[in-house]
Each structure stands twice: as structure tokens, then as C-alpha cells.
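Asker: how would this look folded up:
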Amino acid sequence: MDNKSLIVIVTYNSQDFIENCLHSIAGQNYKDWFLVIIDNGSSDSSVAKIREFRNMSSEITSSNFKLITLKENIGFAAAVNYAVFNFISRKKKSLEEELGFLILLNPDIYLNRSALQKLISTFRITEDRSLPPVRIGRIGAAGGLILDYKKDTIQHLGGKIKDNFITSHIDFGKSYFDLKWESRQKKDRGNELNSANDVKDVDYVTGAFFATEYKLFKSIGGFDSGYRPAYFEELDYCLKIRRSGWRVVVTPESIARHFEGASVEKFSRNFYRYYHKNRVRCAIINLGFLKFLKKFFPSELNWLRNKVTSDQIFPIFYAYFINFVFLSYNLIIKLKNHLILNKLELK
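Answerer: Numbering: from 1, shown residues only. Below is the predicted model:
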């Protein structure tokens with residue numbers, strides 16, 4: 001398997017974080033990468049700070065870096081696709097032949113020194129009959145352990161989805177000290193951990209710190225840019241590759257820190273509007289008709305009765321309305337995905 005990676009960062013008014021993110025990339029002990037930054041029409045000094053860092057850095061040079069500035073915000077998924085299909089595939093064909101992995105990083109991510117090396121090494125775990133059956137299968141997407149930007153608490157160690165596609169982050173809010181203590185306890189009981197049996201299968205991994213096989217990403221058509229401006233594009237991708245037999249995993253050995261909600265304030269009105277619009281869309285596209293009626297619909301009603309907060313009411317009904325308007329379009333996407341996945345072979 002090829003080792004070279006394409007790293008893509010999508011920026012939008014990211015001036016407060018991008019320099020630290022680039023500093024952490026430049027300091028990685030894994031060096032075999034090409035970095036593309038897509039700026040989604042920032043109105044702050046993000047682009048100026050990226051260029052300034054590039055001019056001062058000895059690790060990020062014209063041979064391994066490209067900054068692409070867009071005039072408007074086309075959304076996260078479309079920006080990633082632009083980097084892969086418009087820039088790499090059309091202008092860097094010789095580079096594309098060397099690429100083994102696509103790595104996505106949010107601009108508000110700060111990587112531990114060995115984070116990329118350990119994330120990439122996850123893909124080298126092959127079928128091992130000495131491990132439990134859940135370990136068998138080729139890995140298609142992987143994520144790492146994401147800690148809070150300032151505190152030693154967990155933001156994300158893989159994600160779960162409920163029947164109505166409400167998402168949650170595994171071990172969110174848990175102390176990193178407790179996680180390490182649990183690992184030591186397992187070792188003390190004779191369950192020595194290694195890179196293979198420390199990997200956990202999950203429903204999805206967040207696009208803030210995400211890796212996948214480059215050829216797999218291209219063969220599946222990249223992200224669905226209909227998840228605009230953000231949220232659920234990576235979950236949709238993980239669901240599709242899992243249906244094709246690939247594993248989606250997370251490893252606590254690869255560590256990053258994240259200032260969550262830097263682009264859109266979490267739990268704001270805009271957050272809920274984007275989140276619920278794309279949540280309902282993802283369910284329509286990925287669930288069969290019977291599962292939608294038997295699982296999504298009852299789960300949604302129960303959630304509306306017992307758990308929804310008042311500030312989500314308007315965004316939720318907006319989500320229902322907009323997905324009704326675009327139902328025929330989403331069903332066409334559903335059919336398109338079905339045809340793509342039927343041709344996709346797990347090799």
C-alpha cells in the first residue's frame with residue numbers, strides 16, 4: 001500500500017487557528033504528504049496568515065503545498081472534492097499515482113507529533129485469525145482520539161448514530177486520564193494492547209480528523225456536496241463504504257486537539273439548521289423505505305416528544321420542509337449511490 005498522503009484543509013474565517021494547525025503539521029514525524037488548503041471565501045486574514053506561514057516555514061514548501069482561494073463558500077464537502085477532482089486529478093496526475101491516503105483536517109485541529117504516522121499505520125492492520133472476528137476486514141476510513149483544545153477531556157473517539165440519525169461522540173466529556181487508566185488496567189489483567197487490538201469499529205469518524213484510502217474516495221465519487229455547508233458528509237461516506245464491506249475504525253493512539261465549533265458556533269440556530277437539514281437528508285438517502293418507516297419515523301417521534309429543546313423547533317421543521325421540497329432530487333442521489341456501490345468491489 002502506498003504511503004504518500006494528500007492532506008486537505010478547508011478554511012473559512014479561520015485566522016485564530018490556522019497557524020497552530022500548520023505548525024503541528026510541519027512538526028509531524030510523518031513527512032510523506034502533500035498539503036492542499038482550500039479557502040472557502042474567508043473575509044478575515046486567514047489567507048494572509050497561511051501565506052505568511054508558508055513563507056517562513058522550511059517544512060511547507062512549493063513542492064508539497066498548494067493554496068487555493070475560492071471567491072465564495074461552496075461548503076466543506078464540495079471544497080474537499082474540488083481539491084481531489086479539480087486540482088489533483090487534473091493538474092497533479094503524477095502525484096496522484098503515488099497517493100495512498102486522503103487525510104482531512106479542520107483548521108482548528110492541533111496534532112500531536114506522531115498523530116499522522118499512527119493514523120496511517122492503522123490501515124496496515126490486516127486480517128488476523130488470532131484476533132476476534134470483528135477485526136477481520138479491510139479498513140476504509142479511520143479517525144483518532146480528539147481532545148478538547150485546552151482541556152484533557154475527550155471530544156471524539158468515534159461516533160454513533162441512532163435510528164433517527166441523531167449523532168453522538170463516543171466518550172464525549174470523559175477524562176483522558178480515565179481512558180489511559182482503563183488501558184493500564186487491561187494491561188495489568190494480562191490483556192496486552194497493541195496497534196491491532198486497540199482499534200475500535202465505530203459507526204463513523206468525524207471529518208475534523210479523518211483518513212481514508214485515496215482510491216476508495218475517488219471510486220465512490222468523493223463526498224456528497226449536497227450536505228452543504230457542513231455536517232453529515234463524512235457520516236454519509238462512512239455508511240456507504242460500510243455497506244460495501246469496509247471497516248470504519250478509530251484508534252486512541254493517534255491524538256489531536258480540536259476547538260469544536262470554530263466555524264459555526266455549536267448549538268447556535270445556524271448549527272441546528274444545518275445539522276437537522278442534513279440529518280434528515282442523510283436518513284432519506286441511506287435508509288430503505290421500510291427501515292425509514294419502521295425505525296427512523298418512530299425514533300423521530302419519540303425524540304420530538306421527549307428530548308427536543310425549544311431552540312430546535314424551527315430548525316427541525318425547516319429541515320422537514322426543505323427535504324420535502326428536494327425529495328425527488330435526494331431520491332435520484334439515492335439511486336446513483338446504489339449504482340456506484342454495486343460496482344464498488346472490496347479488493
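Asker: How much space separates the residue nearest to residue 221 when sequence neighbours are not counted from residue 234?
Answerer: Leaving aside its chain neighbours, residue 221 sits nearest to residue 340 (6.0 Å; criterion: C-beta to C-beta, 6 or more residues apart in numbering). Where C-beta positions appear, they are placed from N, C-alpha and C, glycine not excepted. In this view, residue 340 and residue 234 are 17 Å apart by C-beta to C-beta, to the nearest Å.
Asker: Mind checking which of those two has more residues around it?
Answerer: Ranked by neighbour count (other C-beta atoms under 10 Å), residue 340 and residue 234 place residue 234 first, with 26 against 14.
Asker: Work out for me the element the more buried one sits within.
Answerer: helix 233-243 (DSSP states H and E).
Asker: Give me the residue ranges of the stretch 51-200 of the chain where confidence is low.
Answerer: Low-confidence segments of the stretch 51-200 of the chain (pLDDT under 70): 126-137, 184-197.
Asker: can you pull out the strands in it?
Answerer: Per DSSP state E, counting those that start in this stretch, the stretch 51-200 of the chain has strands spanning 65-70, 99-105, 109-111, 139-148, 154-156, 159-161, 167-169, 200-201. These are given in chain order.
Asker: And the stretch 201-347 of the chain, by the same measure?
Answerer: Under DSSP E, counting those that start in this stretch, the stretch 201-347 of the chain gives strands at 209-213, 247-258.
Asker: most packed of the ones you listed?
Answerer: strand 209-213 (a mean of 25; mean count of other C-beta atoms under 10 Å).
Asker: and that strand, which strands flank it?
Answerer: When sheet partners are counted by DSSP bridges, strand 209-213 sits next to strand 99-105 (antiparallel), strand 139-148 (antiparallel).
Asker: can you tell which of these is closest to residue 244?
Answerer: strand 139-148 (7.9 Å; C-beta to C-beta).
Asker: Between strand 247-258 and the closest one, find me the angle.
Answerer: For strand 139-148 against strand 247-258, the angle between stretch directions is 30 degrees (axes from the mean of the first three to the mean of the last three C-alpha atoms, to 10 degrees).
Asker: CA atoms only for strand 139-148 - export them in PDB, please.
Answerer: Output of strand 139-148 as PDB, limited to C-alpha atoms (Å, rounded to 0.1, in the frame of the first residue of the first chain):
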ATOM      1  CA  ILE A 139     -10.200  -0.600   6.800                       C
ATOM      2  CA  GLY A 140     -11.700   2.100   4.600                       C
ATOM      3  CA  ALA A 141     -11.800   5.100   7.000                       C
ATOM      4  CA  ALA A 142     -10.100   5.800  10.200                       C
ATOM      5  CA  GLY A 143     -10.000   8.600  12.900                       C
ATOM      6  CA  GLY A 144      -8.100   9.300  16.000                       C
ATOM      7  CA  LEU A 145      -8.700  10.500  19.600                       C
ATOM      8  CA  ILE A 146      -9.700  14.100  19.600                       C
ATOM      9  CA  LEU A 147      -9.300  16.000  22.800                       C
ATOM     10  CA  ASP A 148     -10.500  19.500  23.800                       C
END
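Asker: between it and helix 233-243, how big is the angle?
Answerer: Using the same axes, to 10 degrees: strand 139-148 against helix 233-243 is 140 degrees.
Asker: chain center to stretch 275-292: distance?
Answerer: Here the centre of stretch 275-292 is set off from its chain's centre by 19 Å, with C-alpha atoms, centre = their mean, to the nearest Å.
Asker: How about stretch 76-94?
Answerer: On C-alpha atoms, centre = their mean, the centre of stretch 76-94 falls 17 Å from the chain's centre.
Asker: First-to-last residue distance for that stretch?
Answerer: Counting by C-alpha to C-alpha, to the nearest Å, you get 26 Å between the two ends of stretch 76-94.
Asker: Now for residue 156: which residues touch it?
Answerer: Residue 156 sits next to 143, 145-146, 169-170, 172, 205-206, 208-209, 258 when contact means C-beta atoms under 8 Å, 6 or more residues apart in numbering.
Asker: Relative to residue 94, which of the residues you listed is nearest.
Answerer: residue 209 (28.0 Å).
Asker: correct me, but that closest one touches residue 256?
Answerer: Yes - Residue 209 lies in contact with residue 256 (C-beta atoms under 8 Å); the separation is 5.0 Å.
Asker: now residue 97: how far from residue 62?
Answerer: 20 Å.
Asker: ok, now residue 22?
Answerer: For residue 22, the distance to residue 62 (C-beta to C-beta) stands at 15 Å.
Asker: before we move on, what about residue 78?
Answerer: Relative to residue 62, and taking C-beta to C-beta, residue 78 is found at 26 Å.
Asker: what helix or strand does residue 16 sit in?
Answerer: Taking DSSP H and E as the definition, residue 16 sits outside all helices and strands.
Asker: and the gap between it and residue 59?
Answerer: To residue 59, residue 16 is 22 Å away according to C-beta to C-beta.
Asker: Spatially central residue in this protein, please.
Answerer: residue 207 (1.8 Å; C-alpha atoms, centre = their mean).
Asker: Going along the chain, name the helices of the stretch 151-300 of the chain.
Answerer: Using DSSP state H, counting those that start in this stretch, the helices of the stretch 151-300 of the chain run over residues 176-188, 214-219, 233-243, 269-286, 289-291, 297-306.
Asker: Columns distance to residue 316 on top of the ones you listed, output as TSV?
Answerer: Formatted as TSV, the helices of the stretch 151-300 of the chain follow (distance: least, C-beta to C-beta, whole Å):
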stretch	distance to residue 316
helix 176-188	34
helix 214-219	31
helix 233-243	18
helix 269-286	5
helix 289-291	21
helix 297-306	8
